[in-house]
Every structure is written in structure tokens, then in C-alpha cells.
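Asks: I'd like to go over a predicted model; first the sequence, then the structure.
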Amino acid sequence: MTDFSLSDLEKIVAERANASPSESYTAKLKAMGVSHVAKKLGEESTETVIALVSQDDDRVVSESADLIYHLLVALNLRGIPAADIFSELGRRTSTTGLEEKAARPPDGPREG
Ligand SMILES: N=c1c2ncn([C@@H]3O[C@H](COP(=O)(O)OP(=O)(O)OP(=O)(O)O)[C@@H](O)[C@H]3O)c2ncn1[C@@H]1O[C@H](COP(=O)(O)O)[C@@H](O)[C@H]1O
């Protein structure tokens, strides 16, 4: 068990994004731009899926950590605080997943 949180990692990412790309993987990702980070996020997603269906628990944990780290970097580059994601998840707890899905527009992001 650890009390390390996603907010802690978000702060580290925000700080390291301003470091030199030669010293920081986060800064290197930032220098490559949001499209590159989005591509990396897709790769990490695929690796997580593969781990979930065919690899051991340690690998699932490792790939999930890679995925979450890259998502936090992507959000940082877009200037979106992780708190916005937590707020949205919190808002959704007032309804069931099936009700929330039914209330979504046919396609595209939801408003508000
Ligand atoms: N949590 C992470 C983290 N998870 C994964 N990774 C990196 O993400 C990469 C994922 O592996 P891949 O094989 O997909 O990528 P790669 O081949 O190494 O990289 P590319 O050449 O494809 O860009 C690895 O280089 C990992 O080191 C992370 N890098 C950094 N962090 C956190 O960010 C902090 C700051 O790191 P720096 O920015 O490097 O100082 C660290 O102390 C950690 O807390």
C-alpha cells in the first residue's frame, strides 16, 4: 500500500515538463508535442489491453502505470487539470453508468 496519488504524479509531471529534454522523459515528450504523446498513449493502451487478456498481474500493473503516466502528460500538454477528470467522474456518481450512457448525444463529446 502507498498513499501516493494521481495528484502527486500530476504535480511531478507539471514540474518535470519544464526540465531539459535531455534529463527528463516528461520534458522529452512535451518537446515532441501533443500528437506524439497521443500516439504513445494509444500504444500504451494497446499494451495494457494485451496484458489484461494474456499476461500476468505484474505486467497489467506495469502497463497500467505507463498508460496513466502518459495520460497525465497528455492532459498537462492540453492544459487540462486532472481535477477536471475527477470532477467529471464525481458528477457521474449521481447516476448509473447505463443512465449516463443513455443521456449521451449520438456521437461527439458531451456538453457541460
Ligand atoms: N511514471 C513515470 C513513467 N511511466 C513510464 N515512463 C516512461 O515511459 C516510457 C514507456 O516505455 P516505452 O517503451 O513505451 O517508451 P520508450 O521506448 O522508452 O520511449 P520512446 O522512445 O518510444 O519515446 C519509458 O521510457 C518509461 O520510463 C515514465 N516516466 C516517468 N514517470 C514519472 O515521471 C517522473 C519524472 O520523470 P522524468 O520526466 O523522466 O524526470 C518520474 O520520477 C516518474 O515519477
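Replies: Great, that's in hand.
Asks: can you list the residues of this protein near the ligand?
Replies: Counting by C-beta under 6 Å from any ligand atom, the residues of the chain close to the ligand are 12, 16, 24-27, 65-66, 69. Bear in mind the C-beta positions are built from the backbone N, C-alpha and C, glycine included.
Asks: could I get the full set of helices for this structure?
Replies: Applying DSSP state H to the chain gives helices spanning 6-16, 25-32, 34-54, 57-78, 82-92, 97-103.
Asks: I'd like those helices laid out as CSV, including mean pLDDT and mean neighbour count.
Replies: Below are the helices of the chain laid out as CSV (pLDDT from 0 to 100; neighbours: other C-beta atoms under 10 Å):
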stretch, mean pLDDT, mean neighbour count
helix 6-16, 97, 15
helix 25-32, 98, 18
helix 34-54, 98, 15
helix 57-78, 98, 17
helix 82-92, 94, 12
helix 97-103, 83, 10
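Asks: among the residues of the chain next to the ligand, which one sits closest to residue 75?
Replies: Residue 75 has its nearest neighbour among the residues of the chain next to the ligand in residue 69, at 11.0 Å by C-beta to C-beta.
Asks: contact partners for the closest one?
Replies: Shown here is residue 69, whose contacts under the criterion C-beta atoms under 8 Å, 6 or more residues apart in numbering are 9, 13.
Asks: roughly how far does it sit from residue 61?
Replies: Using C-beta to C-beta, to the nearest Å, one gets 13 Å for the distance from residue 69 to residue 61.
Asks: now do residue 43
Replies: Residue 43 sits 18 Å away from residue 61 when distances are taken as C-beta to C-beta.
Asks: likewise residue 46?
Replies: 17 Å.
Asks: next: residue 41.
Replies: Here residue 41 is placed at a distance of 18 Å from residue 61 (C-beta to C-beta).
Asks: over to residue 22?
Replies: 29 Å.
Asks: residue nearest the centroid of this protein?
Replies: Nearest to the centroid of the C-alpha atoms of the chain, with distances taken as C-alpha atoms, centre = their mean, sits residue 71, at 2.4 Å.
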